[in-house]
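Student: The following comprises the amino acid sequence and a computationally predicted model.
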Amino acid sequence: MRKIILLLTLFLLSNFKLQAQTDEARIHLPTPTGMWQAEVRYMNMDQNLLVFGNYYTPVIKAEANVIPVTLSHTFAIRGKWTKVSAMVARVTSFNVTLKETPIPDAQEKGFADGYIAFEMGIINNYAKNSTDFFETNPEKFNMNGLFRFWYSDKTSYSSDNLINIGSNRMAFEFGLPMQIRINNNTSKILWLETCPGIQFFTPNDEASRGGFGKMTQKALFYLENHLSYNISSKFYGGITVTYKQGGQAFYERLLVRGANQISILNGGVFLGYKIIPSLEFKASFDSLVFGESRVTYQAVGAGLVFSCFDLK
């Protein structure tokens, strides 16, 4: 029995990955076409979620410091607002302990999974240059189509390690970000953003050093919600709630029943301040609200967003 428990523990540890973060508030809101944005963000995460957030073990504690950098550009396609973006995430420290004992053979630095994304207006969200954008009121309702391709950095994964930063597989994400302007006061807008989405994963052919074989995983569904309010022309704040369900993983030579499906609700708060028109400060706190009682998850983040756009 003790040998079986040890094997299962090694199985869980060998497939550790940073919990996939949900989108920040306001990244899907309408903006002028011709805009370039670069965001540099710092995040500290403390959790015991495993394998893309779909496994967990109560004896594990993982703390990571991550610096995601995102670059985006907006333009028009057939009169619709369109955005392309890319993100890379550098992990500057990654500490994992088992009952307060450091885990051997664990990566401490590297690149977490990144993405390339395409987003385009489906309902409303018409493309507007900077002049038209600032002279007209935003639509009461917009819906976009979102596609993301997630990739894994090969230097951040080795089947010889018990702990890896990367996932050694790809993911394809589809979402429908919607933005709803609740009030009519355009100087102090109350925005509701909601985005149902789903992720599909390719197999990991070198999933562990425990001899469990190839890993496959069912799709993961999520529903993100952000409620934000323009307190002033420079300052905004709000709350966020995200639900995740699914993602059960299977191995060729092992199945851990009932331990590898996620069903949790995260919640948090955020704020933003426009220092100058082209520079914005953001901060957020996110934590587990409801789910498996032994799951722990908490993330604190802060960052700067640099923006520039054509003056037409």
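Tutor: Looks like it arrived, so ask away. Numbering: from 1, shown residues only.

Student: Grab the CA positions of stretch 85-94 and hand them over as CSV.
Tutor: Below are the C-alpha coordinates for stretch 85-94, written out as CSV (Å, rounded to 0.1, in the frame of the first residue of the first chain):
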residue,chain,number,x,y,z
SER,A,85,-1.8,39.3,-29.6
ALA,A,86,1.1,37.1,-28.2
MET,A,87,2.2,36.3,-24.7
VAL,A,88,5.4,34.9,-23.2
ALA,A,89,5.8,34.2,-19.5
ARG,A,90,9.1,34.0,-17.8
VAL,A,91,9.2,32.1,-14.4
THR,A,92,11.8,33.7,-12.3
SER,A,93,11.4,31.4,-9.3
PHE,A,94,9.5,28.1,-8.8
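
Student: So for it, mean pLDDT?
Tutor: For stretch 85-94, mean pLDDT rounds to 91.

Student: Please identify the buried residues of that stretch?
Tutor: Neighbour counts using 16 or more other CB atoms under 10 Å place Ser85, Met87, Val88, Ala89, Arg90, Val91, Phe94 of stretch 85-94 among the buried residues. Glycine gets a C-beta too; all of them are placed from N, C-alpha and C.

Student: tell me which of the residues you listed is nearest to Gly110?
Tutor: For those, the closest approach to Gly110 (CB to CB) belongs to Val91, at 5.5 Å.

Student: my read: Val66 touches Phe111, true?
Tutor: No: taking contacts as CB atoms under 8 Å, Val66 lies outside contact range of Phe111: 9.8 Å.

Student: what about the two, which has more around it?
Tutor: More crowded of Val66 and Phe111, by other CB atoms under 10 Å: Val66, with 22 against 19.

Student: With distance to Phe174 and secondary structure added, can I get the buried residues of stretch 85-94 in TSV?
Tutor: Supplementary listing: the buried residues of stretch 85-94 in TSV, determined by distance: CB to CB, whole Å; DSSP: H, G, I helix; E, B strand; the rest coil:
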residue	distance to Phe174	secondary structure
Ser85	15	strand
Met87	17	strand
Val88	22	strand
Ala89	21	strand
Arg90	27	strand
Val91	27	strand
Phe94	29	strand
